[in-house]
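*Asks:* Give me a 3D structure for the following:
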Amino acid sequence: QMANQKVFLVGCGALGCEYLKGLALMGVATSPEGKITVTDMDRIEVSNLSRQFLFRQEDVSHPKSVRGALAVQKWNPNLNITAMEQKVGNDTEDIFTDDFWRKLDICWNALDNVMARQYTDSRCLFYSKPLLESGTLGTKCNHEIVLPYRTSTYNDGNENDSNETQIAMCTLRSFPYLPNHCIEFAKQSYFSDYFEFGPEQYETFRKDKATFFEQLESMDAGEQYRSLALIQSFLDMHQEAQSSSNGKMDVGLCVKTAYANLMGDYRTSILNLCHSADAMESSSGKKFWTGTKRRPKAIDWNCEEDKAQLMEYLYSTAGLYASVWGLECIRDRNDFTDLVLSLNLEQPEWNPPSQNVNLSDEDEEGGDSTDKAEKLKADLYSVDTLNLPPANPQDFEKDDDLNFHIDYLTIATNLRAWNYDIKASPRHTVKVTAGRIIPALATTTAMVCGLVNVEYCKLVLGLANTNGRDVFLNSNINLAAGSGNFTTFCPDPPINIETGLDQPKSFTSWDKIEIVNDKEELSVQALMKRVESTFGVKVSRIFASGNQEDKALYNAREEEKLHWEIDVDDTGKASVSSNDIYTAWPQIRMAVQMLSRLPPTSNQRKLFATQVDKVKLSLAKTKEAFMRDFEGKVSQAYYNTYLPKEEEDDKIKYFDKVFEARNYVVLNVDCYVMEGEEKKDITLPPIKYVYSS
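*Replies:* Next comes the predicted model:
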């Protein structure tokens, strides 16, 4: 039975090495029918050698999965093992296909992050495969066995990657007093705003301005202003590039932007904070800088003693901006220094702010965020996005020494530490803290893997079929606390999810509704009616299972738009049949108002009339697209809804490949029943709709 096993081992780090050893020594996958597939994207680093014992010095820089497989094959030459370097996730379902998952006997996690664990768990749920899950945290460890239809699943829990000890944002923003505060702020605010969130918001705005403004309405005032201001900063860079001598974005402009950030974050904001604190002290008569609150000092570009640090900031920040704009970075330090000198950068004169900085201990934004956001909205409405260049948001990666990420965080952290007279942090400390690196202990790893191997043997013996979950054990252990913290317990049964209906009353995560096409493929309208008639509900939305975007094959709110009308009378005045039109197309509100106010002779009427015509055309297209999908086949509506945008060629190719390989789609349904005058939400399992044989 061991020899015929088909095992998928996800990860080949500390846990993965130990599991590979166990599989090889137990004789797993040693027959022609058996197979072990191990995958890991990482390459071996010197720091791995102390706890990932399958690797040696000569393996450094080679793929973990490949070298791990070679090592255990030397111990057991009969082992049938395939090593891969692919990530397991939503973007590799063309590699780890339906056929791959169906053939497996078990999925075995050896992962170090929650998102990947949640994904493999969701795959095991869908294909009804057992999952072995484990994790370590210093001297602590745990393991969990997931059995189809017999136990709860990993996703039934509330795991996340958030820090257990959150630091108040007001402390990070204005009153840091520990090195960790500086690291966290550099990561959460500086790096995130300039290189992650900012480019992401700019790209959404550039690709689909209407969608961007629709999404903006779901943010609070402070978040709206943050988003709009960051987009404006990228537009300013583009405008300056167009007005330059060569008319293109270049590294020089990246340096200028980096310098503006340097002055804004480490000089102007510090001077504004001190000015506001001094004003508060004068008005209240009480000392402000007490306890852990340290009075900061501002950087000075003209101070030669600090110039090396400031140049380091410009170097790493400009490098990151170059990556955002897809430019070639200047890596030679001398060439970069020459470029900075040629720009003749001057320190701006500081003037007291018109409004004082928020000095409260509450985590809230300034009170004028709404006014600022509205002004920026008005400015951005008129921007033509057609010729804007694309930006590349930076996904934080701690292990690439050439991408400037850790370089930037280190200098950004230490300049802020300098501001507040806090001890500087070495690069390694910044990397460990920002990358959430948790040390692994070989003893903890070996012990938890031994426990999981025992549970695997129970599975191979078929005990899940004969004895159910009662003979299996999960564990929570802390080696530092002695035998009193060595806890094992029976896995929990599946969690019942109440539907809200009389029948079926409940279901579990393992359940799904399967609709197999008989003859002709159903339309979205027919599928909706079948769900409504089968369960006695009213459907409000049908969408792809697991999709977090606000896209849907059917949305009752979109159907309401069929009744929306925009009329223009003989005098040129416009009117709308529903105020919801203003929510969908905010730009038309002002146009309707101005057309009712401006005299017929005004030259501005043409501009506003054009805006109304554009929205009328957009509404007509929206109605047409809705009816096309509503009356069309489910598979085609799914394709139309979730096909990536035209400029995302790689994503389109991937989507097409996965879509063509499948004969089904998995959908979720939002629905309700009426109880008197009130709606009662109903929860149904996912629907697997098989549209072809």
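
*Asks:* Scan this structure for its longest helix.
*Replies:* Secondary structure of the chain read by DSSP state H shows that its longest helix is helix 605-631.

*Asks:* And that one, what does it pack against?
*Replies:* If you count contacts as 3 or more C-beta pairs under 8 Å, 6 or more residues apart in numbering; DSSP states H and E, helix 605-631 packs onto helix 524-535, helix 556-560, strand 566-568, helix 587-597, helix 634-642. Where you see a C-beta, it was placed from the backbone N, CA and C, and this is true even at glycine.

*Asks:* can we see that at 6 Å?
*Replies:* On a contact count with 3 or more C-beta pairs under 6 Å, 6 or more residues apart in numbering; DSSP states H and E, helix 605-631 meets helix 524-535, helix 587-597.

*Asks:* Check these for me: which has the lowest mean pLDDT.
*Replies:* Comparing mean pLDDT over the helices and strands packed on helix 605-631, the weakest stretch is helix 587-597, at a mean of 88.

*Asks:* got the buried residues for that helix?
*Replies:* By 16 or more other C-beta atoms under 10 Å, the buried positions in helix 587-597 come out as 587-588, 591-592, 594-595.

*Asks:* If I take it and helix 605-631, what angle do their directions form?
*Replies:* Between helix 587-597 and helix 605-631, the angle comes out at 140 degrees (axes from the mean of the first three to the mean of the last three C-alpha atoms, to 10 degrees).

*Asks:* Name the helix or strand of this structure that has the lowest mean pLDDT.
*Replies:* Taking all helices and strands of the chain together, the one with the lowest average confidence (mean pLDDT, DSSP states H and E) is helix 169-174, at a mean of 69.

*Asks:* can you pull the contacts of residue 202?
*Replies:* With contacts taken as C-beta atoms under 6 Å, 6 or more residues apart in numbering, residue 202 has the following neighbours: 231, 234, 391.

*Asks:* where does the residue sitting furthest away from the middle of the chain land on pLDDT?
*Replies:* Within the chain, the residue lying farthest from the chain centre (C-alpha atoms, centre = their mean) is residue 601, at 51.4 Å. We have a pLDDT of 85 for residue 601.

*Asks:* what kind of secondary structure is it in?
*Replies:* At residue 601 the chain is in coil, as set by DSSP: H, G, I helix; E, B strand; the rest coil.

*Asks:* go on, residue 36?
*Replies:* Assigned by three-state DSSP, the conformation of residue 36 is strand.

*Asks:* which residues touch the closest residue to residue 423 other than its chain neighbours?
*Replies:* Nearest-residue entry for residue 423: residue 179, 5.6 Å, with adjacent residues in sequence omitted and distances by C-beta to C-beta, 6 or more residues apart in numbering. Residue 179 makes contact with 422-423, 425 under the criterion C-beta under 6 Å, 6+ apart.

*Asks:* Residue 500 too?
*Replies:* By C-beta under 6 Å, 6+ apart, the neighbours of residue 500 are residue 682.

*Asks:* Can you say which helix or strand has it in it?
*Replies:* Using DSSP states H and E, no element contains residue 500; it sits outside every helix and strand.

*Asks:* distance of residue 149 from residue 508?
*Replies:* As judged by C-beta to C-beta, to the nearest Å, residue 149 and residue 508 stand 7 Å apart.

*Asks:* So between these two, which is more surrounded?
*Replies:* Set side by side, residue 149 and residue 508 show unequal neighbour counts under other C-beta atoms under 10 Å, the larger going to residue 508 at 18 against 14.

*Asks:* State the pLDDT value of that one.
*Replies:* In this model, residue 508 is scored at 95, pLDDT.

*Asks:* hang on, it packs against residue 494?
*Replies:* Yes: with contact taken as C-beta atoms under 6 Å, residue 508 and residue 494 are classed as touching, separated by 3.7 Å.
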